[in-house]
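S.K.: Fold the stuff below for me.
(chains A and B)
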Amino acid sequence: GNSVTQMEGPVTLSEEAFLTINCTYTATGYPSLFWYVQYPGEGLQLLLKATKADDKGSNKGFEATYRKETTSFHLEKGSVQVSDSAVYFCALRNQAGTALIFGKGTTLSVSS
Amino acid sequence: AAGVIQSPRHLIKEKRETATLKCYPIPRHDTVYWYQQGPGQDPQFLISFYEKMQSDKGSIPDRFSAQQFSDYHSELNMSSLELGDSALYFCASSVRGRDTEAFFGQGTRLTVV
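M.R.: Purely as a prediction, here's the structure:
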């Protein structure tokens, strides 16, 4: 079946540090991959996505590259800010209209 | 821009009571999803609708049911509530497609006491 595995958190960083959150997936066919972010008390917001192998999604300084050979979609940011503190979810969708399957989420805490 | 609207935002119910959660998707979105998120957990898919017909079923308990109406709003009905049903319930909507973004509402926080 389809599944997403994320690195466990929490991840605690100082401002301007480099961020990597690992995500690997298992899926039949060719899924689309997403990163969603959830701030405290809010719903999930799409951060970035990639729809085919070797695509790079990017937004707000975050990047992730769809690696089919390693079935991975790791999230990176070169210099984190305090405002990036949130929970990050990796997700996949395998077919048109099917529901997103989420990983367990990784909590990021950035201190100044 | 219009977003996904959920109501109520907070709900407190007693065990064995019923609850109805409402979701108003973004206009022209043809697909609605319901998710349950326990404390510190990932969102678990419950059920989805495409053009008012149930399209996918996830880990929705038999005590729960949902439907989508002619105006595309959706309701999640929960009966015989248990303490373990306390969670954040999200509705999301999208245009049907593998690559399309699902837009999430702010959620309904259900507390069962």
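
S.K.: C-alpha from now on. contacts and neighbour counts both.
M.R.: Noted.

S.K.: I'd like to know how far the most centrally placed residue in chain B sits from B:Cys91.
M.R.: Of all residues in chain B, the one closest to the mean position by Cα atoms, centre = their mean is B:Trp34, 3.2 Å from it. Remark: distance between B:Trp34 and B:Cys91 (Cα to Cα, to the nearest Å) = 5 Å.

S.K.: and the residue nearest to the centre of chain B, what helix or strand is that in?
M.R.: B:Trp34 is part of strand B:31-37, with elements assigned from DSSP states H and E.

S.K.: near chain A, which residues of chain B?
M.R.: B:31, B:33, B:41-45, B:48, B:50, B:55-56, B:90, B:95-99, B:101-107 (Cα under 8 Å from any Cα of the partner chain).

S.K.: that's a helix at A:Ser83, yeah?
M.R.: Yes. Applying DSSP: H, G, I helix; E, B strand; the rest coil, one finds A:Ser83 inside a helix.

S.K.: ok now do it, which residues does it touch?
M.R.: Neighbour list for A:Ser83: A:Val110 [criterion: Cα atoms under 8 Å, 6 or more residues apart in numbering or on different chains].

S.K.: Reduced to three states, what does A:Glu8 come out as?
M.R.: Classified using three-state DSSP, A:Glu8 is coil.

S.K.: Let me know the pLDDT of it.
M.R.: On pLDDT, A:Glu8 comes in at 85.

S.K.: what number of residues lie near it?
M.R.: The criterion is other Cα atoms under 10 Å in any protein chain shown. On that basis, A:Glu8 has 12 neighbouring residues.

S.K.: rewinding a little: out of the residues of chain B next to chain A, which are buried?
M.R.: B:31, B:33, B:42-45, B:48, B:50, B:55, B:90, B:95-96, B:98-99, B:101-107 (16 or more other Cα atoms under 10 Å in any protein chain shown).

S.K.: Take the residues you listed and keep only those in strands.
M.R.: Secondary structure defined by DSSP state E assigns B:31, B:33, B:44-45, B:48, B:50, B:55, B:90, B:103-104 of those to strands.

S.K.: I figured B:Thr20 was touching B:Ser74, is that so?
M.R.: No. With contact defined as Cα atoms under 8 Å, B:Thr20 does not reach B:Ser74; the gap is 10.2 Å.
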